Structure formats: C-alpha cells, structure tokens
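Participant: I'd like to go over a predicted model; first the sequence, then the structure.
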Amino acid sequence: DTGVSQDPRHKITKRGQNVTFRCDPISEHNRLYWYRQTLGQGPEFLTYFQNEAQLEKSRLLSDRFSAERPKGSFSTLEIQRTEQGDSAMYLCASSLGGNTQYFGPGTRLTVL
Amino acid sequence: SQQGEEDPQALSIQEGENATMNCSYKTSINNLQWYRQNSGRGLVHLILIRSNEREKHSGRLRVTLDTSKKSSSLLITASRAADTASYFCATDVGAQKLVFGQGTRLTINP
C-alpha cells in the first residue's frame, strides 16, 4: 500500500454513459498525476496538477475527459459519453515536488 | 508515444537465478526509474537513478545507467517466485511526467 487510494477499483459501464473516478493522494504531496494503461502496454500520461492548478494535459485527453483537484487534495477524473476505446486501467500517482511518484491501485474501466 | 523500450518483452527463469532487463530511451533525461506491477495492480516504485549516477543498489536490485548509450539495466539477483511481475522503466525528461516503456513480463518458475 503506497498511501494513494483510488475509488472505485472496478467500473463497468455502457457506452455513452458518464463515469467519474476519484483519487486520494498522499496527504502532503502537492503534485497529482493521472495515467492510462491499456492491456500489455506501459502507462501513458494524461494530466497533472500542482496543488489545485492543472498544469499539463496530454493530447490523449480528449474533450470528453475532464479532471479536477478543487482544493489541492483529492482529484476526480470524469469521462463523458464513454466509448469502448476508453476501456483501460486509470492510474493516479502523487509526488512531493518532482520526486518519486507513488501510484494508487488503479481503477479498471470496462465499457460495454 | 512511449520513450522507453524494454528488452526482452518476456523473460522466464528458474527460482534462484538472476534476471536482467534492459531499457533504452530516446531523449536526455533527469532520472530514470524502475517500477514493478503485479497483474492487474498498481505500480510499485523500485529504484530511481539520476542522470549523473552510473550504478545504484537496493537490496537484491542493481540498476545501471549509461547516458551515452541512452540505456539502463535492472538486475534482480537470487530471484524468488514473488518477483513474478511486469517491470517498467520510466524516464523523467523534466516535463513533470514519466514516460514509460512497454515493460518486461518476468516469470519465476519454482
């Protein structure tokens, strides 16, 4: 257990539905990252926050995706109008400054 | 796009043997990190080596870094069944994110 928690651990949804995932980072960590991992691949960066500011977004993050970190603590990642191609493991990580990133257990999304 | 490439993609060895995995990358880095991932789980940080370091040890792990060749290796000595997992290298290029390779799937046979 790294201290980063994610909820839910698994989500099955139908195409076209909206889903929201939550990440709780290690409490003193000011940076929070979201990655996506498909089967057999390494994680790919989606976005990151420093405190409550979203400082970078990948081109992978289409306009159907939105992430927030309203008070600089937990973060949510919402996917609107889900597509089958969104099926993946969504990983959250946190760090103190630019140091080691600690990953949560991930949320596995299956879009039917 | 993925910066790192691990080699081999899959490795199967007997318990007690040493396992070596290699990682190559394309651009200059601040540091390189190795992570382990058990099937369907999150990533566990193993070791970080900075660009000005050449070798680092942590328990049964030994990591080397050759910035001239843009490559790194991870050696696990005296392997155990519990080492069965996927291993990823990740490069920090100073862009506030990690860029991962595709990973090496390591299987330790009893």
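Facilitator: Alright, I've got the coordinates.

Participant: Chain A against chain B: which residues are in contact?
Facilitator: Counting by Cβ under 8 Å from any Cβ of the partner chain, chain A comes close to chain B at A:2, A:4, A:6, A:31, A:33, A:35, A:40-45, A:48, A:50, A:55-56, A:89, A:91, A:93, A:98, A:100-106, A:108. Yep, even glycine has a C-beta here, placed from its N, CA and C like the rest.

Participant: Repeat the analysis, applying 7 Å as the threshold.
Facilitator: Residues of chain A lying close to chain B by Cβ under 7 Å from any Cβ of the partner chain are A:33, A:41-43, A:45, A:48, A:55-56, A:91, A:98, A:100-106.

Participant: which among the residues you listed end up buried?
Facilitator: When neighbours are counted using 16 or more other Cβ atoms under 10 Å in any protein chain shown, those contain these buried positions: A:33, A:41-43, A:45, A:48, A:91, A:100-106.

Participant: Point out the least confident member of these, please.
Facilitator: Lowest pLDDT among those: A:T100, with 87.

Participant: For the single nearest residue of chain B relative to chain A, give the beta-bridge partners.
Facilitator: Per Cβ to the nearest Cβ, the residue of chain B with the smallest distance to chain A is B:F100, at 3.3 Å. On the basis of DSSP bridges, B:F100 takes part in beta bridges with B:A90.

Participant: Off-centre distance for stretch A:74-84?
Facilitator: A distance of 9 Å separates the centroid of the chain from that of stretch A:74-84, by Cα atoms, centre = their mean, to the nearest Å.

Participant: Likewise for stretch A:103-112?
Facilitator: 9 Å.

Participant: and the end-to-end length of it?
Facilitator: Start-to-end span of stretch A:103-112 (Cα to Cα, to the nearest Å) is 27 Å.

Participant: How about stretch B:37-51?
Facilitator: Using Cα to Cα, one end of stretch B:37-51 lies 24 Å from the other.

Participant: Model confidence for A:G98, exactly?
Facilitator: The confidence metric pLDDT takes the value 70 at A:G98.

Participant: Could you do B:Q96 as well?
Facilitator: B:Q96 carries a pLDDT value of 70.

Participant: Just the closest residue of chain A to chain B, please.
Facilitator: Taking Cβ to the nearest Cβ, chain A has A:G42 as its residue nearest chain B, at 3.3 Å.

Participant: Is that residue part of a helix or strand, or is it coil?
Facilitator: Three-state assignment for A:G42 (DSSP: H, G, I helix; E, B strand; the rest coil): coil.

Participant: and the gap between it and A:M89?
Facilitator: 11 Å (Cβ to Cβ, to the nearest Å).

Participant: Give me the residue at the spatial middle of chain A.
Facilitator: Among the residues of chain A, the one closest to the centroid is A:W34, at 3.6 Å (Cα atoms, centre = their mean).

Participant: just checking, it touches A:T47?
Facilitator: Yes - between A:W34 and A:T47 there is a contact under Cβ atoms under 7 Å: 5.2 Å.

Participant: Check the contact lists of those two and give me the overlap.
Facilitator: Overlap of the contact sets of A:W34 and A:T47 (by Cβ atoms under 7 Å, 6 or more residues apart in numbering or on different chains) consists of A:A67.

Participant: What is the helix or strand where B:R36 lies packed up against?
Facilitator: When elements are assigned from DSSP states H and E, B:R36 belongs to strand B:31-37. Judged by 3 or more Cβ pairs under 7 Å, 6 or more residues apart in numbering or on different chains; DSSP states H and E, strand B:31-37 is in contact with strand B:43-50, strand B:85-92.
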